[in-house]
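*Asks:* coords below, sequence missing:
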C-alpha cells in the first residue's frame, strides 16, 4: 500500500514504514536507546529527505519512549529523581553544545569532526562494555548465580558534597556526578545530532553505578523530553515534521517498544550489557566503514541551505 | 511608444515562417495528490494545422514536461588522509524537480545543438548554474552528477521514440508522472521539428496540487507551526500510552 507523505513529498510503502518503526521500537524498549541512530539512516535509505527523516524520527522516538517507560514504571524500574537530575544537566549541556557546534562550523569540517568523535567514542565504549560483560558472564558461570558486580565501591565520587538519595537505584551519592554526566551527554547530543542514549547508558551503569534494570527505564524517561523538545524545534523552525510519516512509524514503534520491554525481563543484566555492547560496536563499525570505504556514488544532492 | 509599435507590428503581422501550427490537448490538465497517490499517467496529444501540402522534409515532434524549479546543492566526496569526506560543493541556481523529454526519434538526430540552446530542450539546458567556486575547475561534472542522480530516481528521463506520429499530422504520447511529485505548475511544451530546427511550438500547464488530508496537513505545518508541533507531540504521547494500555489489557 503506497502512501503519499505531505511534507516529505514522496510516496512510500506503508507496511515498510510500519516495519521500520517496529524494529526501532523493539530496540528502544529493550535497551532504552531512542533509536535515532537507526531510524534516520533507514528513512534516508527509502528516499525520505534527510531533514524530514531527522525531525520525524524524533517524533517517533517520543512515542516509543513513552510506550516503553510506562511498562518500566509499572515494574518500578524508573528512577524519576535520577532521570530529572540527568535531564537538567542534559538541557544545560545541549545549550552549551549548540554554542560549541556554531564555533566548530565556523572553523569548517564540522561533519568530519562529528563523525570521527562518534566513531572513537562508540568504539571505546563498546569495547569496554563487551569486555566487562564477558567477564561478568564468566564470573557468574564459575561462582554460580549469586555473583554480581561490586557497585558500591567507595572512591572520590563519594566524597563530593550535595548528597542525595536515589531510592530506586539504591544510591546515596552527590548530585554533581549525574549533573555533569547529563551535561556531557547533552553537549555530545547537540553536536552529533543523535539523542545520546548510547553514551548515557554506559555512563549510568559504570560511572554512576546504577543497576542495569533501572538504567533502561530511566534513560527512556529522559529521552522523552529531549526528543520531544527536538521535535518541537524542528516543527516550528524547519517545518520538517511529517505527521503522516510519524503516524505510520509510531504505530509500529509503540508496539515494538512493548515487545522490547517484555523481552528485556527475560534477559540477565550481563547478557543485556553484552548485547548492548555488540550493538554499539555494530553502529561504530558502520560509521567507520562509511569513512574508510570508497562510496559507490561520490556525489550527493541536498536542498540549498540545509544538510 | 516605440516598443508598443513594435509589439503591435509583431501581433498584427501574419506569421511569416509558421506555415505549420500545433494544436494540442491533455487528457488531464490537473493532478490531485491524495494520501494514496501512486503516480499519474497523462496523455498529451495534438495535430499539425497547415494550409499547404506536407513539405518533403520529415516532421518530428518533441514534448517536454517540466516540474517547478528550485536551487540545489551538489556535494562531492574525496579521500583526505585516508577517509572519505565531502570536500567540494556547487550550488545549482535552478534545476527542475522533474523533467521528461519525449520524442519521435533520437534527440541528436532531430535537434541541432544551437536550437537546443535557444529553446532549452535537453535536461542539461534546463539546469542553470553560475556560481561554481574558484577552486572547482570541473563544474560540469557536478551538473552531470545532478542529472545522473535524478535519472536514477526516475525524475529526469528522455524517452526517444515515445511520441507516435501518424500521417505527419496527428501525434500523441503518454507521460508517466511518478509518485514522488512535488506540488506546482508543470509546464508542458510541444515542439514541431523540421530539418533539426523548431518550426512551431505550443505550451500548456498541468496543475499538480495536494488535496484533502494532504493539503490540510501541509498548510497546517506551514501556517500554524506551533499547533502542528503540539499536535505531533500529543499524537505521539497518546499512541505511546494506548499501546502500553492495550498490552496490559491483553496480559491480564
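*Replies:* Okay, I see it. Just so it is clear, the model here is predicted, and its values are computed rather than measured.
*Asks:* what about the strands in the chain?
*Replies:* You didn't pick a chain, so chain A it is. A:2-5, A:10-13, A:163-166, A:171-174, A:299-303 (DSSP state E).
*Asks:* let's do chain B instead
*Replies:* Taking DSSP E as the criterion, chain B carries its strands at B:20-26, B:30-33, B:40-50, B:59-66, B:69-80, B:83-96, B:99-103, B:156-159, B:164-166, B:170-177, B:184-194, B:197-210.
*Asks:* Can you list the buried residues in the helix ranked longest in chain A?
*Replies:* Secondary structure of chain A per DSSP state H: the longest helix is helix A:110-143. Neighbour-count burial for helix A:110-143, with 16 or more other C-beta atoms under 10 Å in any protein chain shown as criterion, is recorded at A:110, A:112-116, A:118-119, A:121-123, A:125-126, A:129-130, A:132-133, A:136, A:140. All C-beta atoms are positioned from the backbone trio N, CA, C, and that covers glycine.
*Asks:* other SSEs contacting that helix?
*Replies:* Counting contacts by 3 or more C-beta pairs under 8 Å, 6 or more residues apart in numbering or on different chains; DSSP states H and E, helix A:110-143 packs against helix A:80-107, helix A:176-192, helix A:197-202, helix A:269-292, strand B:83-96.
*Asks:* Quick one: work out the angle between it and helix A:269-292.
*Replies:* With axes from the mean of the first three to the mean of the last three C-alpha atoms, to 10 degrees as the basis, helix A:110-143 and helix A:269-292 are set at 150 degrees to each other.
*Asks:* got the angle for helix A:110-143 vs helix A:176-192?
*Replies:* An angle of 140 degrees separates the directions of helix A:110-143 and helix A:176-192 when computed by the same axes, to 10 degrees.
*Asks:* how much space is there between residue B:220 and chain A?
*Replies:* Computed with C-beta to the nearest C-beta, to the nearest Å, the distance linking residue B:220 and chain A is 8 Å.
*Asks:* Now that residue: closest residue in space that isn't a chain neighbour?
*Replies:* The spatially closest residue to residue B:220, leaving aside those adjacent along the chain, is residue B:228, at 4.9 Å (C-beta to C-beta, 6 or more residues apart in numbering or on different chains).
*Asks:* my read: that neighbour touches residue B:216, true?
*Replies:* No: with contact defined as C-beta atoms under 8 Å, residue B:228 does not reach residue B:216; the gap is 10.6 Å.
*Asks:* Skipping adjacent residues, who's closest to residue B:164 in space?
*Replies:* According to C-beta to C-beta, 6+ apart, the nearest residue to residue B:164 is residue B:172 (5.8 Å).
*Asks:* low pLDDT regions in the chain?
*Replies:* Looking at chain A here, since you left the chain open. A:105-111, A:143-158, A:192-196, A:304-307 (pLDDT under 70).
*Asks:* try chain B instead
*Replies:* The low-confidence ranges in chain B, as defined by pLDDT under 70, are B:1-18, B:131-132.
*Asks:* tell me which strands and helices the helix ranked longest in it is in contact with?
*Replies:* With DSSP H setting the assignment, residue counts place helix B:225-251 as the longest helix in chain B. If contacts are counted by 3+ C-beta pairs under 8 Å, 6+ apart, helix B:225-251 sits against helix A:50-74, helix A:212-233, helix A:243-266, helix B:212-223.
*Asks:* Show me what counts as buried in that helix.
*Replies:* With burial defined by 16+ other C-beta under 10 Å, the residues of helix B:225-251 counted as buried are B:225, B:228-229, B:231-233, B:235-237, B:239-240, B:243-244, B:247.
*Asks:* quick one on the thing from earlier: next, count neighbours for the residue nearest to residue B:164.
*Replies:* By the measure other C-beta atoms under 10 Å in any protein chain shown, the count of residues near residue B:172 is 20.
*Asks:* How about it: which residues does it bridge to?
*Replies:* Bridge pairing for residue B:172 (DSSP bridges) gives the partners residue B:45, residue B:164.
*Asks:* List the contacts of residue A:15.
*Replies:* With contact taken as C-beta atoms under 8 Å, 6 or more residues apart in numbering or on different chains, residue A:15 is in contact with residue A:1.
*Asks:* Look up how far residue A:298 lies from the residue in the stretch 1-150 of chain B that chain A sits nearest to.
*Replies:* Per C-beta to the nearest C-beta, the residue of the stretch 1-150 of chain B with the smallest distance to chain A is residue B:145, at 3.6 Å. From residue B:145 across to residue A:298, the span is 8 Å (C-beta to C-beta, to the nearest Å).
*Asks:* hey, what's in contact with both of those two?
*Replies:* Counting by C-beta under 8 Å, 6+ apart, the residues touching both residue B:145 and residue A:298 are residue B:76.
*Asks:* re the thing from before, mind putting the strands of chain A in JSON lines, mean neighbour count and distance to chain B included?
*Replies:* Shown next, in JSON lines, are the strands of chain A (neighbours: other C-beta atoms under 10 Å in any protein chain shown; distance: least, C-beta to the nearest C-beta, whole Å):
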{"stretch": "strand A:2-5", "mean neighbour count": "21", "distance to chain B": "4"}
{"stretch": "strand A:10-13", "mean neighbour count": "19", "distance to chain B": "3"}
{"stretch": "strand A:163-166", "mean neighbour count": "14", "distance to chain B": "24"}
{"stretch": "strand A:171-174", "mean neighbour count": "17", "distance to chain B": "27"}
{"stretch": "strand A:299-303", "mean neighbour count": "16", "distance to chain B": "4"}
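*Asks:* near chain A, which residues of the stretch 1-150 of chain B?
*Replies:* Contact residues (C-beta under 8 Å from any C-beta of the partner chain) of the stretch 1-150 of chain B with chain A: B:33-39, B:70-79, B:82-86, B:91, B:142, B:145-146, B:148-150.
*Asks:* Now a PyMOL select for only the buried ones of those residues.
*Replies:* The PyMOL selection below is limited to those of the residues of the stretch 1-150 of chain B next to chain A classed as buried (16+ other C-beta under 10 Å):
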select buried, chain B and resi 33+35+37+72+73+74+75+76+77+83+84+85+86+91+142+145+146+149+150
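*Asks:* Pick the most deeply packed of the helices and strands packed on helix B:225-251.
*Replies:* Burial among these, expressed as mean neighbours by mean count of other C-beta atoms under 10 Å in any protein chain shown, is greatest for helix A:50-74, which shows a mean of 27.
*Asks:* Can it be said to contact chain B?
*Replies:* Yes: with C-beta under 8 Å from any C-beta as the criterion, chain B is reached by helix A:50-74 at A:59, A:60, A:62, A:63, A:64, A:65, A:66, A:67, A:70, A:71, A:74.
*Asks:* what angle do that helix and helix A:212-233 make?
*Replies:* Angle of helix A:50-74 versus helix A:212-233, following the same axes, to 10 degrees, is 140 degrees.
*Asks:* Off-centre distance for helix A:50-74?
*Replies:* The gap between where helix A:50-74 is centred and where its chain is centred comes out at 10 Å by C-alpha atoms, centre = their mean, to the nearest Å.
*Asks:* Does anything pack onto that helix? Which helices or strands?
*Replies:* Partner elements for helix A:50-74 (3+ C-beta pairs under 8 Å, 6+ apart): helix A:14-31, helix A:36-45, helix A:212-233, helix A:243-266, helix B:225-251.
*Asks:* Go through the ones you listed and name the closest to residue B:138.
*Replies:* helix A:36-45 (27.1 Å; C-beta to C-beta).
*Asks:* roughly how far is the closest one from the heart of the chain?
*Replies:* For helix A:36-45, the gap between its own C-alpha mean and the chain's C-alpha mean amounts to 13 Å (C-alpha atoms, centre = their mean).
*Asks:* hmm, it touching chain B?
*Replies:* No: for helix A:36-45, no contact with chain B is found by C-beta under 8 Å from any C-beta; the gap never falls below 13.2 Å.
*Asks:* for that helix, which positions count as buried?
*Replies:* Neighbour counts over helix A:36-45 (16+ other C-beta under 10 Å) mark A:36, A:37, A:38, A:39, A:40, A:41, A:42, A:43 as buried.
*Asks:* okay, these in a markdown table with distance to residue A:29 next?
*Replies:* Written out in a markdown table, the entries for the buried residues of helix A:36-45 read as follows (distance: C-beta to C-beta, whole Å):
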| residue | distance to residue A:29 |
| --- | --- |
| A:36 | 15 |
| A:37 | 16 |
| A:38 | 14 |
| A:39 | 14 |
| A:40 | 19 |
| A:41 | 20 |
| A:42 | 18 |
| A:43 | 20 |
